[in-house]
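> Please work out how this folds:
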Amino acid sequence: MAKDFDCMEDSNRSANPTIHEVSDPARRVFVRGGLAATVAGLFGPLAAGVLAGCATTGSGNAASLGRGIGFKSVPMAAVDRIVVPEGYSAQVLYRWGDAVGVAGQMPAFNADASNTAAEQALQAGMHHDGMAFFPTEGSSQRGLLVMNHEYVDDGLLHTDGMKNWSAEKVRKSMNAHGVSVIEIQREGSGWKQVAPSKFARRITALTPMTLTGPAAGHPMLRTAGDPTGTRILGTYNNCANGHTPWGTYLTCEENFADYFEGVENPDAHQRRWGIRKGNGAKYRWHEHEERFSAAKHPNESNRYGWVVEIDPQDPASTPIKRSALGRAAHEGAATALTADGRAVVYMGEDSRFEYIYKFVSRDRVKPGGFAANRELLDHGTLYVARFDVDGTGEWMPLVQGQGPLTADKGFANQGDVLIKSRQASDALGATKMDRPEWTTVDPITKEVYCTLTNNSNRGGQGQPFMDAANPRSNNTMGQIIRWKETGDLDATRFAWNHLVLAGDPKQSRYEAQGNIKGDTFGSPDGLLVDARGVLWI
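Residues are numbered from 1 along each chain as shown. Presented below is the predicted three-dimensional model:
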């Protein structure tokens, strides 16, 4: 979620340094004509050429490497329609309310919002976000499209909006969240949804899930409805995503705190996770689903903020919350492999002044798809990033018993560390970032990118001001940071710099100025390096 809402969570009051305090003007890389020479020493000549080309409109070194963009820019315009480059077309494929495609259960969408909660559970949710395509039948012409539904507009979801609030409305709202799995196929110059489909599935805020890994069964995850601490109901606020080399989809639970009505005097743990009085007014779930009341069920919020693994090929499978990847306001989960075949997952936490994480699996990926790798994400090491002033950084292990992560500091076991990932990262001195969103790994150079979408609280509410590395205390435009591991992707040291400061260099407002050479943009969010090495933002 790239927007910078006033209600965006901001609960990190640690004394840890921010990315701007450790930046140095001499290392801040601007996207301009001399980028290739500047970058070459740190990231290599191949990366310099690719990035210089990506920052422009497809000319320059990137084109000489066969990585040109190949289409004309679309001019900025304040119009209420989709605009695509010359020679391209756009089509509507899967809208809110469209049937997901379960055989014999395909309710039609009612434009007057009169669909029931049960019907919504079989239809597309609201506010599509991160998605991934999984080819089937050995061809990219047909496959499964899996997508997140991040949040809802209750004013549109119900015939009378939020008036006459009821349990049925809460259920419908919950069923408009989550994930869709639909089947699509190429048809002529476009695509169509295959319906019915044996793969079709909706996963909602009411779908039963399993929590596995080191935190499974932890006392902080046990509730009256689930004394085992392993059986959780639903996923929601699913923003960005990831997909694994063994064919599964990773959906990320982001701003879960917005759904819980907090107490008048929250404890330190609730404060650190933004569970506060008044939160519940946004969705009002707690009025008819009491587990969203922190006063009645204080542990329920600990059961959200995880990365959830879904097998799109098996509509009967139970989604799995992977506690080994840590708890956070997760935005995305970009997965790559080390040279010896272990999985590495890079994750950002989209809240003001929060952190960047990486998980390295203990075991190698095996052939045989999900069946052969069912427990791969349950075993490994979670790290949090510290960015140092000399242009290097360190991945610090979030492992109980190491450094300050000891029982006397509130971390008696690894479950404590993972459930309280923020507190553990505070204790380790991780670098406070400006809302890390999507991450991506260049498959050729192995460089890693992360969008820091914005942070208008920079310099406010007792937080530090910007320094010379990013001279915008009211950071409404954001930036993109990148790093390269010192060795393989499992390394614990890296080199880093800023790729770009977003914004328009021509703007008179200081905080809106950027250093982009080419088409301007602000608040970078989703990004992906494709197989050619082209960075899409």
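> Where do the helices of the stretch 301-450 of the chain begin and end?
Secondary structure of the stretch 301-450 of the chain, counting by DSSP state H, counting those that start in this stretch: helices at 369-372, 414-419, 421-428.
> Mean neighbour count and mean pLDDT for those - can I get that in JSON lines?
In this view, the C-beta of every residue, glycine as well, is placed from N, C-alpha and C. Output for the helices of the stretch 301-450 of the chain, formatted as JSON lines (neighbours: other Cβ atoms under 10 Å; pLDDT from 0 to 100):
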{"stretch": "helix 369-372", "mean neighbour count": "14", "mean pLDDT": "97"}
{"stretch": "helix 414-419", "mean neighbour count": "24", "mean pLDDT": "98"}
{"stretch": "helix 421-428", "mean neighbour count": "24", "mean pLDDT": "98"}
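> pretty sure Tyr304 contacts Asn255?
No. Tyr304 lies out of contact with Asn255 (Cβ atoms under 8 Å); the separation is 9.9 Å.
> Which residue ranges of this protein form helices?
Per DSSP state H, the chain carries helices over the ranges 35-43, 45-55, 61-64, 117-120, 154-157, 167-175, 268-272, 369-372, 414-419, 421-428.
> mean confidence for stretch 377-386?
What stretch 377-386 shows for mean pLDDT is 97.
> how about low-confidence regions in the chain?
1-68, 460-472 (pLDDT under 70).
> With adjacent residues omitted, what lies nearest to the most centrally placed residue in it?
The chain has Glu331 as the residue nearest its centroid, 1.7 Å off, counting by Cα atoms, centre = their mean. Distance criterion Cβ to Cβ, 6 or more residues apart in numbering; nearest residue to Glu331, sequence neighbours excluded, is Asp350 at 4.0 Å.
> Confirm for me that that neighbour is in contact with Ala329.
Yes. If you go by Cβ under 8 Å, Asp350 and Ala329 touch, sitting 5.6 Å apart.
> check contacts around Ala427.
By Cβ atoms under 8 Å, 6 or more residues apart in numbering, the contact set of Ala427 is 403-405, 409.
> Repeat that for Lys192.
For Lys192, the contact set (Cβ under 8 Å, 6+ apart) comprises 93, 184-185.
> rerun at 7 Å
Counting by Cβ atoms under 7 Å, 6 or more residues apart in numbering, Lys192 touches 184-185.
> Distance-wise, check it relative to Gly514.
Distance, Lys192 to Gly514, by Cβ to Cβ, to the nearest Å: 40 Å.
> Does Ala176 touch Asp153 like I think?
No. Ala176 lies out of contact with Asp153 (Cβ atoms under 7 Å); the separation is 9.2 Å.
> what do the two both touch?
Taking Cβ under 7 Å, 6+ apart as the criterion, Ala176 and Asp153 both touch Met126.
> Looking at those two now, which is surrounded by more residues?
Neighbour tally, Ala176 and Asp153, criterion other Cβ atoms under 10 Å: the higher count belongs to Ala176, 29 against 13.
> gap between that one and Gly97?
Between Ala176 and Gly97 the distance is 9 Å, computed by Cβ to Cβ.
> one step back: could you dump the helices of the stretch 301-450 of the chain to CSV with distance to Arg271?
CSV is the format used below for those (distance: least, Cβ to Cβ, whole Å):
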stretch, distance to Arg271
helix 369-372, 38
helix 414-419, 15
helix 421-428, 11
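> Which one of the ones you listed lies nearest to Leu233?
Smallest distance to Leu233 across the helices of the stretch 301-450 of the chain (Cβ to Cβ): 17.8 Å, for helix 414-419.
> Other residues contacting that closest one?
Applying Cβ under 7 Å, 6+ apart, the set of residues contacting helix 414-419 from outside is 214-215, 218, 220, 302, 323-324, 326-327, 398, 400, 405, 410-411, 424.
> Break down the stretch 351-500 of the chain into its strands, ranges please.
Secondary structure of the stretch 351-500 of the chain (DSSP state E, counting those that start in this stretch): strands at 352-354, 356-364, 380-387, 392-397, 433-434, 436-441, 448-452, 479-485, 493-501.
> got those strands as CSV, with mean neighbour count and distance to Val74 columns?
Shown next, in CSV, are these (neighbours: other Cβ atoms under 10 Å; distance: least, Cβ to Cβ, whole Å):
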stretch, mean neighbour count, distance to Val74
strand 352-354, 25, 31
strand 356-364, 21, 31
strand 380-387, 23, 34
strand 392-397, 20, 36
strand 433-434, 26, 27
strand 436-441, 26, 21
strand 448-452, 26, 20
strand 479-485, 23, 20
strand 493-501, 21, 19
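> nearest to Asp340, of those?
Nearest to Asp340, of all those, is strand 356-364, at 6.3 Å by Cβ to Cβ.
> Show residues contacting the closest one.
Identification of contacts with strand 356-364 by Cβ under 7 Å, 6+ apart yields 324-326, 328, 340-348, 376-377, 379-385, 395, 433, 436, 450, 490.
> what number of residues lie near Gly459?
Neighbours of Gly459 under the rule other Cβ under 10 Å: 17.
> Let me fix that, I meant to ask about Met147.
Neighbours of Met147 under the rule other Cβ under 10 Å: 23.
> partners of it in the sheet?
Bridge pairing for Met147 (DSSP bridges) gives the partners Met131, Ser180.
> That one touches His128, doesn't it?
Yes. Contact criterion Cβ under 7 Å: Met147 and His128 qualify, at 5.2 Å.
> Start and end of stretch 220-233, how far apart?
Counting by Cα to Cα, to the nearest Å, you get 16 Å between the two ends of stretch 220-233.
> gap between that stretch and the chain center?
When C-alpha coordinates are averaged (Cα atoms, centre = their mean, to the nearest Å), stretch 220-233 and its chain have centres 25 Å apart.
> same question, stretch 250-260
Distance of stretch 250-260 from its chain centroid, counting by Cα atoms, centre = their mean, is 10 Å.
> again, but for stretch 235-251
Centre-to-centre, stretch 235-251 and its host chain are 9 Å apart (Cα atoms, centre = their mean).
> Pull out the buried positions in that stretch.
The neighbour-count criterion (16 or more other Cβ atoms under 10 Å) identifies 235-244, 246-251 as the buried residues of stretch 235-251.
> Figure out the length between the terminal residues of it.
Start to finish, the residues bounding stretch 235-251 are 9 Å apart (Cα to Cα).
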